[in-house]
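S.K.: Show me the folded form of this:
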Amino acid sequence: MATKRISDEPAFILHQYDWSESSLILEVFTRHHGRVALVAKGAKKPTSNFRSVLLALQPLRVTYSVSGEGHGDIHALRGAEWAGGHVMPSGDALLSGLYLNELLMRLLAREDTHAPLFDTYAGVVRVLASEHGDALEPVLRSFELVLLREIGLLPDLHVETNTLTALDAERRYTLVAEGGLRAAAAGDRATLTGSHWQSLHAALGGEDRYLATFRTLVGDGAQLASDLKPQLRALVQYHCGSPMLRTRQLMMDLQSL
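M.R.: The predicted model follows:
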């Protein structure tokens, strides 16, 4: 059976779990091959060179071998090196990074290539590891929007979903998980004006989706990202299915202490 070798592939570890007493299965987001599963044999041994490298939210270069067709298989990790660039995020930024990892785990199909999304994710991780100040909220909302648009789960944001009627710039609309974008009703708490939805639609249609979306969110202050949060969280959870995202439950538990 033919074996292909993938060398020096840009990657981030999304999740890992035990495979045996000494080995790990890694869920890895790669730039050119999407989300792949790799077995790191002997990675748990004290003498393993992998022990200090296989960390989440750290840019890596991985080498692995692919046997047979290569689709849907667990491949063998042959090498991994830290690509450098930033320290590990901490505090709320660490939890936010783990939340993004869980989104990618739940929403990305195995071995579907998403190079622009990989680059966006890498940039967001750098922000999380930096002195990001009050930017955390728009950073996360921008990534959620870009991710949902990239994988085809975000409706067009310049028209009402059911009627395809153009939005009224002054009227308020809400994004609902099962119905898309619709005119706000009296009991809707989280809504945005038509002009805000149109601005987000335009930003997501540009070359640098993430940066344009982020600038749109911060341009109107914290309120826009705050109003967008419950709408996107409901849409994300709808497409992730049950159970609730573990990182979100953890955040809720910490806030209740």
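S.K.: can you list the weak-confidence ranges in this structure?
M.R.: Along the chain, segments meeting pLDDT under 70 span 1-2, 68-72, 133, 221-222, 250-257.
S.K.: For it, which segments count as strands?
M.R.: 3-18, 24-30, 34-40, 60-67, 74-82, 172-176, 180-183, 192-193 (DSSP state E).
S.K.: any idea of the angle the third one forms with strand 74-82?
M.R.: Here strand 34-40 runs at an angle of 90 degrees relative to strand 74-82 (axes from the mean of the first three to the mean of the last three CA atoms, to 10 degrees).
S.K.: which residues sit against strand 34-40?
M.R.: 14, 16, 19, 23-30, 50, 54, 62, 64, 73-77, 80, 104-105, 108-114 (CB atoms under 8 Å, 6 or more residues apart in numbering). Where you see a C-beta, it was placed from the backbone N, CA and C, and this is true even at glycine.
S.K.: Pull out the buried members of those.
M.R.: For those, a burial check counting by 16 or more other CB atoms under 10 Å picks out 14, 16, 19, 23-30, 50, 54, 62, 64, 75-77, 80, 104, 108, 111, 114.
S.K.: Break this protein into its domains for me.
M.R.: 3-82, 91-255 (automatic domain parsing).
S.K.: Residue 232 against residue 142, yeah?
M.R.: No: shown here, residue 232 and residue 142 do not form a contact pair, counting by CB atoms under 8 Å, at 10.1 Å.
S.K.: who has more neighbours, the two?
M.R.: Between residue 232 and residue 142, counted using other CB atoms under 10 Å, the more crowded position is residue 142 (28 against 21).
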